[in-house]
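# Predicted coordinates and the sequence they were generated for:
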Amino acid sequence: MERVSPVTPATTDATSDRELVARCQAGDETAFDELVRRHQQRALNVAFQLLRDYEDAMEVAQDAFVRVYRSIGEFRGDCEFTTWLHQIVVNLARNKRRWWMRRGREKVVSLDSGLTTQDGDVKSQVPGVDDPPDAAAVKAEFVQAVGAHLAQLPDRFREVLVLRNVEDMSYEEIAAVLHCSVGTVKSRIARAREALSQRMKAEK
Amino acid sequence: MKYERIAGELSAYLDGEVTPTVRVEIEAHLGGCKACQQRLAELRKLSIGVAAQPQAQPSPRFLAEVRAKISGAGPAVDKPRWFDIVSRPVWLKVPLEAVAVVVLLLAAGVLLLPSRPQTAERISGALAKKAEQRTPKEVAVTELRNEPEHAPAKTAPSVPAMTATPIDDRSRLAFADEKPRSSVAAGAVRGFSGQVQQVAKSGGEVESQTATRAIQQATATMEITAVSVADVRQRAETLATALGGRLLVAVGDAWEKSAESKAFAAPVVLVELPTSQVAAFKERLLAETAGKNKLQAMDNPSLGTTSTVGYSGALGLTPPRAPRPQQTQEETTARTVLDIRVVLPAEAR
């Protein structure tokens, strides 16, 4: 079985998320800042994979943390903080895509073009040193094609593939994020891969 | 394990999400099935392709911008919209939708269920008479004869949504002071106006005062056959505005879609006009509607004649003490509320 490596955790700080959440609930603003620093890259990347637009992904990720800040008192710890954060990010990304659709807008960012941030930096990260060994066997064109077709998949398919293969979440974790059963996640991932595969074959 | 099931489990097998038993079965199958081997390789390659997508890196100002948004200095955070509710999990969504369904059912029941005793009395007392208003004067006389003066409301509806529209003291005074009224339409119209007030209020279409004023004022009626209440309403509003009047009330669009609408008489459009313009308004609206809809439009000569506004006891109104003759001078200054009864094609047939 092959499993791609997860996105690199933002920190190795021994303080657990639960402790930070508890401190945050007690009014410790620095704890919230630490939660943001720790998870900002993950939140942003999930939003970016779902939206494929850097600026909108930044907005979604930041808004997600604003919601975390405002709702932290209601978080009872029934799930991991990251699960809760992913729920918020996924929902906000859905809303953003629907906002696009209502305005007849569909964004697909070319992987060749790189990503321009507000700073003007190019942040595009094609597979590098931290990528799994198998990635070397996958050509850049293939990755680009997968990205283009991934962007065209229905939201529910793209979400499970991103959570599974980019975030390296288990089916159980994905089910918690998406508020559905593990069986649903299992069948949805299989159908999403089938849909992606069919699209890739149709292109050839 | 059958081939189809093996093939269906390959995705989960790739993710390590199968039970040990299934894993053993799949691996035993893979040893001799090149198709499944190839399929597994494809799935693996796709997964790597997804995982190898470029990653976004946060701006150095990420935290500062989050803080700015929290403090209100940054761009507004998206507030939950209707699709947030729609996309909620089922356990949250169902109660909200259930509430909506209950509200709709209540509204539909209030409007469409004649068997409900207290609403039926109100609707049949007002709307059904409206349907039979070929002899409005007789209706008015009958009602006046049958109702004691200053009679209280006959019924006290138990359904909150249909609680009698509070006819305020101004309307009572208006009827009690025997203020001269010009042309007329009869108790059915007044009763119908009262009903309009209720219906419209529940639909939020008009202010309650609008219909109350319609009741207070002299009223004329006309009947018109058209395919759409909305169409008549639009034309009537435009025409009334052009003639120095205005649209008062328009209800009944939804009834067009209801097969039961006939049981509740016609929908209604009320306009207020200078009395001197009523004839012109009728003529032009009839001509315009007949021309546009290619349907027969007719002016009902039995309506809009002189009479005194009648009384609908169900509305709790104080009836006028005596009929008032129409005053010619009033024609020039008074304003008339014209009740346009819309006869839909199904009803016409």
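Arrived safely.

# In space, what's closest to the most centrally placed residue in chain A - neighbours in sequence excluded?
The centroid of chain A falls nearest to A:V46 when counting by Cα atoms, centre = their mean (1.4 Å). Excluding its sequence neighbours, the residue lying closest to A:V46 (Cβ to Cβ, 6 or more residues apart in numbering or on different chains) is A:V89, at 5.1 Å. For glycine as for every other residue, the C-beta is placed from the backbone atoms N, C-alpha and C.

# buried residues in the helix or strand the one you found falls within?
Element membership for A:V89 (DSSP states H and E) is helix A:81-102. For helix A:81-102, a neighbour-count test (16 or more other Cβ atoms under 10 Å in any protein chain shown) marks A:81-98 as buried.

# neighbouring contacts of that helix?
A:17-18, A:20-21, A:35, A:39, A:42-43, A:46-47, A:50-51, A:56-57, A:59-61, A:63-64, A:67-68, A:75, A:106-107, A:155, A:159, A:163, A:167, A:169, A:173, A:176-179, B:78, B:81, B:83-84, B:87 (Cβ atoms under 8 Å, 6 or more residues apart in numbering or on different chains).

# List buried residues within those residues.
A:17, A:20-21, A:35, A:39, A:42-43, A:46-47, A:50-51, A:56-57, A:59-61, A:63-64, A:67-68, A:75, A:159, A:163, A:167, A:169, A:173, A:176-179, B:78, B:87.

# circling back: and the residue nearest to the centre of chain A, what's its pLDDT?
On pLDDT, A:V46 comes in at 95.

# so it sits right up against A:M169, yeah?
No: using Cβ atoms under 8 Å, A:V46 makes no contact with A:M169, being 10.1 Å away.

# Which phi and psi values does the nearest residue to B:T275 once chain neighbours are set aside adopt?
Distances taken as Cβ to Cβ, 6+ apart place B:T336 nearest to B:T275, at 4.3 Å, with adjacent residues excluded. Backbone geometry at B:T336, expressed as degrees, to the nearest 10, gives phi -120, psi 140.

# Pass me the low-pLDDT residue ranges in the chain, would you?
Going with chain A. By pLDDT under 70, the weakly predicted segments of chain A are A:1-14, A:105-138, A:204.

# looking at chain B here, not the other one
Those would be B:1, B:73-97, B:110, B:112-219, B:227, B:249-268, B:289-333, B:343-349, if you go by pLDDT under 70 across chain B.

# if you set the cut-off to 90 instead, what comes out?
By pLDDT under 90, the low-scoring segments of chain B are B:1-8, B:31-33, B:59, B:71-349.

# the domain parsing of it - what is it?
Domains of chain B are assigned by automatic domain parsing as B:3-51, B:78-112, B:123-348.

# was I right about A:F142 contacting B:K45?
Yes: at 7.5 Å, A:F142 counts as touching B:K45 under the criterion of Cβ under 8 Å.

# one step back: measure the residue nearest to A:V46 to A:L163 for me?
10 Å (Cβ to Cβ, to the nearest Å).

# residues shared between the contacts of the two?
A:V46.

# All the helices of chain A, residue numbers only.
For chain A, the helices defined by DSSP state H occupy A:17-25, A:29-51, A:54-71, A:81-102, A:140-152, A:155-161, A:171-178, A:182-203.

# With respect to B:R284, which of the ones you listed lies nearest?
Among the helices of chain A, helix A:81-102 comes nearest to B:R284, with 41.2 Å by Cβ to Cβ.

# so how far is the closest one off the chain centroid?
Centre-to-centre, helix A:81-102 and its host chain are 10 Å apart (Cα atoms, centre = their mean, to the nearest Å).

# Now do it against helix A:17-25, angle only.
Orientation note: helix A:81-102 sits at an angle of 70 degrees relative to helix A:17-25 (axes from the mean of the first three to the mean of the last three Cα atoms, to 10 degrees).

# Done for today, thanks.
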